[in-house]
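S.K.: predicted structure and sequence below. I'll ask about it afterward.
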Amino acid sequence: MMHRIACALAVAVTLLAASAVLASDPIGGYLIVDKVALYPPDNPTTIQMWGSFCLATERGGKSYSEPQRGYLYYRAPAGKEAVCRKEWNDLSRAAGTGQVIGFASSYDLKSLGTVRKAATKPETPDLYPLGSGLVKVEANTERTPVRNLLTLPAPRTPADGDLVPPGKVTLVARNIADRHHADAKYVFELSSASGEKETGTVAAGEKEARWAPEMKVKAGEKYTWRVRATDGTWKGPVATSRFVVKGER
């Protein structure tokens, strides 16, 4: 089931019932927001949202991207700043809650913008896609992009693009939001650009899964780490993060 967070001119932000999503999905993208930055703070005209995203890849929402980690960066269309701020305030309130939100229109794919890597400098914001408002999505839906977001771990440390000291490293990922797999284990993989690789499986902590590989990371090397949740024969989507080790080889 879904509830709409209205975004209309001269109408206060309210939650309204929305119809069930069928094969043709009007929603342009689904997201779980970790944090939001609005600029300028007093009367913002841009928004930067970090989190997990599935954007429509086919008109009418017949297919969506695999879940991606990073950020979306938008600016308000001229004359629509007040309308955008209402939605942006709702997104700010949803940040860090694990709530899945639908936004924009799948009938205008070009308007959705681009998911940018966390380490990418925020430049040239995309135009914010005002559709029919935000949609608060219940966690019990079986819609594929929503399930993918709920079952995607969130790499926290080292974060994507981090510069870390050489030696031992501990990989930390936020637990998945899907309550159906609350007892899932987490499979980690750490690999270097030079071909070293190590994997490990751990149980989740209260809020995070943590794994300390035996491999020591080397100065000047680039590393990629991946994590996914597993529960019996079930496997969730893979989240990926990259970091560089300080110093020279």
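M.R.: Done, it's in. Quick caveat: nothing in here was measured; it's all calculated off a predicted structure. Numbers count the residues shown, from 1 in each chain.
S.K.: lowest mean pLDDT among the helices and strands of the chain, which one is it?
M.R.: When each helix and strand of the chain is scored by mean pLDDT, DSSP states H and E, strand 15-18 comes last, with a mean of 32.
S.K.: direction included, what does the single longest strand found in the chain pair up with?
M.R.: Secondary structure assigned by DSSP state E gives strand 27-39 as the longest strand of the chain. The strands that strand 27-39 pairs with in its sheet are strand 46-55 (antiparallel), strand 100-105 (antiparallel) (by DSSP bridges).
S.K.: what ranges in the chain fall below the confidence cut-off?
M.R.: The chain contains residues with pLDDT under 70 at 1-23.
S.K.: center of it, which residue is that?
M.R.: By CA atoms, centre = their mean, the mean C-alpha position of the chain lies nearest to Ser52, the distance being 0.8 Å.
S.K.: go ahead and confirm it touches Thr151.
M.R.: No - Ser52 is beyond contact range of Thr151, at 10.2 Å (criterion: CB atoms under 8 Å). From N, CA and C alone the C-beta is placed, and that goes for glycine too.
S.K.: just how off-centre is the longest strand of the chain within its chain?
M.R.: Here strand 27-39 is found 8 Å from its chain centre; the criterion is CA atoms, centre = their mean, to the nearest Å.
S.K.: list the buried ones in that strand?
M.R.: 27-34, 36-38 (16 or more other CB atoms under 10 Å).
S.K.: show me how this protein divides into domains.
M.R.: What automatic domain parsing lists as the domains of the chain is 2-149, 153-245.
S.K.: which residues does Val100 form beta bridges with?
M.R.: Those that pair with Val100 in a beta bridge, by DSSP bridges, are Ile32, Val137.
S.K.: show me what contacts it?
M.R.: With contact taken as CB atoms under 8 Å, 6 or more residues apart in numbering, Val100 is in contact with 30-32, 136-137, 139, 146, 149-150, 177.
S.K.: quick one: the residue nearest to the residue nearest to the centre of the chain when sequence neighbours are not counted from Thr45, how far?
M.R.: Spatially, and ignoring its direct neighbours in sequence, Ser52 is nearest to Ile32 (4.7 Å; CB to CB, 6 or more residues apart in numbering). Noted for Ile32: a distance of 24 Å to Thr45, by CB to CB, to the nearest Å.
S.K.: for Lys207, same thing?
M.R.: For Lys207, the distance to Thr45 (CB to CB) stands at 34 Å.
S.K.: residues contacting the residue of the chain most remote from its centre?
M.R.: Distance from the C-alpha centroid of the chain, by CA atoms, centre = their mean, peaks at Arg249 (33.5 Å). Contacts for Arg249 (CB under 8 Å, 6+ apart) come out as 218-221.
S.K.: show the buried residues in the residues you listed.
M.R.: Counted by 16+ other CB under 10 Å, the contacts of Arg249 give Glu221 as buried.
S.K.: that older thread, so which of the strands paired with strand 27-39 is the most packed in?
M.R.: strand 100-105 (a mean of 25; mean count of other CB atoms under 10 Å).
S.K.: you'd agree His180 is in a helix?
M.R.: Yes - His180 forms part of a helix when assessed by DSSP: H, G, I helix; E, B strand; the rest coil.
S.K.: that one: how many residues sit nearby?
M.R.: Around His180 there are 14 other residues, counting by other CB atoms under 10 Å.
S.K.: what does Asn43 give?
M.R.: Count around Asn43 with other CB under 10 Å applied: 11.
S.K.: next: Gly60.
M.R.: Burial of Gly60 is recorded as 14 neighbouring residues (other CB under 10 Å).
S.K.: do the same with Val164
M.R.: 15.
S.K.: identify the bridge partners of it.
M.R.: Under the criterion used here (DSSP bridges), Val164 is bridged to Val245.
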